[in-house]
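Visitor: quick one: sequence plus predicted model below, questions after.
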Protein chains: 2
Amino acid sequence: MASNLDHVLVAISDPTRRAIIGRLASGPARISDVAAPFDMSLTGVCKHIKVLERAGLVRRTRHGRENTLELSAEPLRDVAQWALKYERFWNARLDRLEDYFIKKRRNENEAD
Amino acid sequence: MASNLDHVLVAISDPTRRAIIGRLASGPARISDVAAPFDMSLTGVCKHIKVLERAGLVRRTRHGRENTLELSAEPLRDVAQWALKYERFWNARLDRLEDYFIKKRRNENEAD
DNA sequence: AAAATACTGAACCAATCGGTTCAGTATTCT
DNA sequence: AGAATACTGAACCGATTGGTTCAGTATTTT
């Protein structure tokens, strides 16, 4: 049984699929539009999309003959979380990320 | 040219290699010791270690006939960073990550 | 010196991966 | 109705992956 983290990590290990994620981050798009920039057949891109769907990284909605794809980035939170388990091995950087949240909270409180 | 993020994401996409990372998080170990828990030949584990080395996730030091492996988790910071680029897509959860840091500041331990 | 230990490289293998083409199915446009 | 559009499934292909075994090289132990 492959866990979802498995599927997600496999999905993001391919540069084409990461590019698709990047594309969808700027808004939903049809399969053909997502495929257009790639020097690859539509079928090839479709296969990548299926891998992304299996990982729960992309949602699809059919509208007639068109398929609108939408990013569903939640699984990437698990990726970040997994990597952050090892934060203590790069502590200097973590402090910076921690600072970010501390500052963010401070700013939010000031805004109140 | 495959970037290092490429190598790192490929490296962590395999469960055996993630298990090796997990093992090394609790301290350096010899190849044989790392290999022991796996139902796999030593050669098989060696190949996984080579993939981890290529990604810069494992450092090796020879001591006579023994190879001590040490986790070098810095590249995982890049993974976290990459995933966090999409944080705005799971904003509700970002608060939970924020909680994580708050809890961490209160407690202060945990690993693996 | 001989035996055991700790790996390593090479050759091999089956399965998966990333890609293709081609043919087909809906759906929409003219 | 006919043509164009937007995909999809199946079959295929070569390269890569994850594993194996076997033989070999250092190194350490006895």
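Guide: Done, it's in. Numbering: from 1, shown residues only, chains lettered A, B, ... in the order given.

Visitor: now do the same for A:Glu98: its pLDDT.
Guide: On the pLDDT scale, A:Glu98 is placed at 56.

Visitor: ugh, wrong one, A:Asn91
Guide: 70.

Visitor: how about the residues of chain A by chain B?
Guide: Residues of chain A lying near chain B by CB under 8 Å from any CB of the partner chain: A:6, A:9-10, A:12-13, A:15, A:21, A:25, A:71-74, A:76-77, A:79-81, A:83-90, A:93, A:97-98, A:101, A:104-105. C-beta here means a position set from N, CA and C on the backbone, and glycine is covered the same way.

Visitor: tally of neighbours for A:Gln81?
Guide: 16 (other CB atoms under 10 Å in any protein chain shown).

Visitor: kindly apply the preceding question to A:Leu9 instead.
Guide: 24.

Visitor: the helix or strand hosting it close to DNA strand C?
Guide: Take DSSP states H and E as the rule and A:Leu9 turns out to sit in helix A:4-12. Yes. Helix A:4-12 reaches DNA strand C (CB under 7 Å from any atom of the strand) through A:Val10.

Visitor: re earlier: buried only: go through the residues of chain A next to chain B for me.
Guide: Neighbour-count burial (16 or more other CB atoms under 10 Å in any protein chain shown) is assigned, among the residues of chain A next to chain B, to A:9-10, A:12-13, A:21, A:71-73, A:76-77, A:79-81, A:83-87, A:89-90, A:97-98, A:101.

Visitor: which ones among these lie within strands?
Guide: Among these, the ones falling in strands (DSSP state E) are A:Leu71.

Visitor: next, the angle helix B:4-12 makes with the helix holding A:Leu9.
Guide: Put simply, helix A:4-12 runs at 140 degrees to helix B:4-12, going by axes from the mean of the first three to the mean of the last three CA atoms, to 10 degrees.

Visitor: can you give me the mean pLDDT across helix A:4-12?
Guide: Rounded to a whole number, the mean pLDDT of helix A:4-12 is 97.

Visitor: having no further points to raise, I will conclude here.
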